[in-house]
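[1] Mind folding the following:
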Amino acid sequence: MSVIGAERNHMTLSKDFHSLYDADPALYRFMLLAQHDLLPKIGAEKRTPVTVLEDVVREAISAGELPPIDRSSAAAVILGVVLQTSVFHVYERLRTVVRPRASLGRSRDSGGSSARESRQVTVSAFGVIPVMDARDGGPLQVARLAEERMRSLFQHARRTFSPPALAFMDAMSRRWLDRSDNPYRDEIDEIAVLLGKPGTYALNTSYEWACTSGVGNDPEGGVRLVRVLDWRLSGLGRNLVAVWQRGPASDFLNLTWPGYVGVITAAAPSRFAVAINQPPMMCRSATPPIDWLIGRARVWRSHALPPSHLLRQVCESCTTYKDAKQCLAEMPLCLPAFFILAGTMAGEGCVIERTADRVAIREMPTAAANHWVTLPERGRARGRLSPERAARMEMAVANGTESWRTTPVLNRCTRLVSAMNASTGTVCVQGWEPHGPATVELALNLGNRAK
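    Sure, this is the predicted structure:
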């Protein structure tokens, strides 16, 4: 191993170690954090991470880049910097992705090439979630301002579903939006013209994701809604945007994508935070594809709103948690839905299980994944390990811990991870892709943004 410089070597080692943690936390913890007795059993002739670091230190001393020091002690210091950062993350003293922290020590040296290099590495490895103000222009303004992200997302959709399938779904969805007199149809039309290719109508009526969400007391005060969205479609994590939107009630922050007009995850400061989970696919036949077609046929006969469009109306129009809870429980829906709602006062939190004509409400602390808990409905749970995901999330929100931040709640299909508190106005959100975190965690305080 050639030594470019002791400092640069240390930065490279730190980034490599921390990128391994972000890519596979479970494997990293086992290999580097678990206190097992493997190392003493490895013979002296075998190389270990410790001996590799000792060699790096030895070469740096030989090159005059370090003074004569004990190699084992120096290796221990390097491992301490790397491992203690990871330990802090495990014990929830750090709550963002780990790798960007490898650059923090050099970022203060604003004039040096190493600082510029570290910033470039962080930005290239982890994208940034833009915060956009669309209080006047709405989703069409977002599509125009983030057109590159929108086109990237639809390119992923075309690879996933194939252009003919996407064109068919687009045509059927467009006809249904026409027949149902959807209030957001004009916006979707304009976005479709901007995109110039099939997909806009299908995306805006798509409802094929799996999620794990929970609501409970926040250890830092108020009520917290934790939300993890899973979807097989790649590109959702890196193209995520945080958008300020406005309605008659007040402003709200929508965690969404360019080209999408509905709301599935949002925080309305001083009012409520809310998210949608998808219930199981109703069992009406022996096979899932036939069940899906039967379900779609029933949707196309309905004139009610899709869940994401109803949730947008709630964010725009409801001034209190109580109003939002009543609307989500009573307004007509074309599809079953799980709504997870958190207010600003003690005890204001619930999961609302909905079908077109039935409702059941579970009060906080509670959680929802993608299976029925209260309503006696039959269905095929979305995603994998739905009961296990819900149980882990419910334990975490009941105890006010971060123990949900692991498998199976986080998995290869995870695309969005967020925690929202409407009473304190805090929102933390991060985009994910199959390899793990795709963006730096965005932390916002919304208290002074609502108008």
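
[2] helix or strand for the nearest residue to residue 325 once chain neighbours are set aside, which one?
    In space, and not counting its chain neighbours, residue 325 is closest to residue 341: 5.9 Å by Cβ to Cβ, 6 or more residues apart in numbering. For glycine as for every other residue, the C-beta is placed from the backbone atoms N, C-alpha and C. When elements are assigned from DSSP states H and E, residue 341 belongs to strand 337-342.

[3] By mean pLDDT, flag the weakest helix or strand of this structure.
    For the chain, the helix or strand with the lowest mean confidence is helix 104-107, at a mean of 34 (criterion: mean pLDDT, DSSP states H and E).

[4] Thought residue 215 was touching residue 396, still the case?
    No - taking contacts as Cβ atoms under 8 Å, residue 396 lies outside contact range of residue 215: 11.1 Å.

[5] so what's in contact with those two at the same time?
    residue 226 (Cβ atoms under 8 Å, 6 or more residues apart in numbering).

[6] Of these two, which one has the most company?
    Ranked by neighbour count (other Cβ atoms under 10 Å), residue 396 and residue 215 place residue 215 first, with 32 against 21.

[7] show me the contacts for the more buried one.
    223-226, 340-342, 349-351, 364-367, 397.

[8] does it sit in a helix, a strand or a coil?
    Following DSSP: H, G, I helix; E, B strand; the rest coil, we place residue 215 in the strand state.

[9] May I see the buried residues of the helix or strand encompassing residue 189?
    Counting by DSSP H and E, the element that carries residue 189 is helix 185-195. Residues of helix 185-195 classed as buried by neighbour count (16 or more other Cβ atoms under 10 Å): 185, 187-192, 194-195.

[10] Also stretch 214-225?
    214-218, 222-225.

[11] ditto for stretch 152-172
    153-154, 156-157, 161, 166-167, 169-170, 172.

[12] Out of those residues, which sit inside helices?
    Secondary structure assignment by DSSP state H places 153-154, 156-157, 161, 166-167, 169-170, 172 of the buried residues of stretch 152-172 in helices.

[13] what does stretch 350-363 rub up against?
    By Cβ under 8 Å, 6+ apart, stretch 350-363 touches 213, 215, 279, 302, 304, 307, 325, 328-330, 332-341, 347, 349, 364, 366-368, 372-375, 377.

[14] what do you get if the cut-off is 7 Å, keeping everything else the same?
    215, 325, 328-329, 333, 336-341, 364, 366, 368, 372-375, 377 (Cβ atoms under 7 Å, 6 or more residues apart in numbering).

[15] ok, now stretch 428-448?
    22-23, 96-97, 100, 126-129, 234, 237-238, 240, 242, 253, 255, 267, 269, 412, 414-419, 425-427.

[16] Of those, just the buried ones, PyMOL syntax please.
    In PyMOL, this line selects whichever of the contacts of stretch 428-448 come out buried by 16+ other Cβ under 10 Å:
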select buried, resi 22+96+97+100+126+127+129+234+237+238+240+242+253+255+267+269+414+415+416+417+418+419+425+426+427
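
[17] Restricted to strands, list the contacts of stretch 428-448.
    242, 253, 255, 267, 414-419, 426-427 (DSSP state E).

[18] Take those and lay them out in JSON lines including distance to residue 144.
    Formatted as JSON lines, the ones in strands among the contacts of stretch 428-448 follow (distance: Cβ to Cβ, whole Å):
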{"residue": "242", "distance to residue 144": "17"}
{"residue": "253", "distance to residue 144": "19"}
{"residue": "255", "distance to residue 144": "19"}
{"residue": "267", "distance to residue 144": "24"}
{"residue": "414", "distance to residue 144": "29"}
{"residue": "415", "distance to residue 144": "23"}
{"residue": "416", "distance to residue 144": "23"}
{"residue": "417", "distance to residue 144": "27"}
{"residue": "418", "distance to residue 144": "25"}
{"residue": "419", "distance to residue 144": "30"}
{"residue": "426", "distance to residue 144": "29"}
{"residue": "427", "distance to residue 144": "24"}
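
[19] now those in JSON lines, with distance to residue 61 and pLDDT?
    Formatted as JSON lines, the ones in strands among the contacts of stretch 428-448 follow (distance: Cβ to Cβ, whole Å; pLDDT from 0 to 100):
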{"residue": "242", "distance to residue 61": "48", "pLDDT": "97"}
{"residue": "253", "distance to residue 61": "53", "pLDDT": "98"}
{"residue": "255", "distance to residue 61": "50", "pLDDT": "98"}
{"residue": "267", "distance to residue 61": "53", "pLDDT": "98"}
{"residue": "414", "distance to residue 61": "44", "pLDDT": "95"}
{"residue": "415", "distance to residue 61": "47", "pLDDT": "96"}
{"residue": "416", "distance to residue 61": "47", "pLDDT": "97"}
{"residue": "417", "distance to residue 61": "43", "pLDDT": "97"}
{"residue": "418", "distance to residue 61": "47", "pLDDT": "97"}
{"residue": "419", "distance to residue 61": "46", "pLDDT": "97"}
{"residue": "426", "distance to residue 61": "47", "pLDDT": "96"}
{"residue": "427", "distance to residue 61": "48", "pLDDT": "97"}
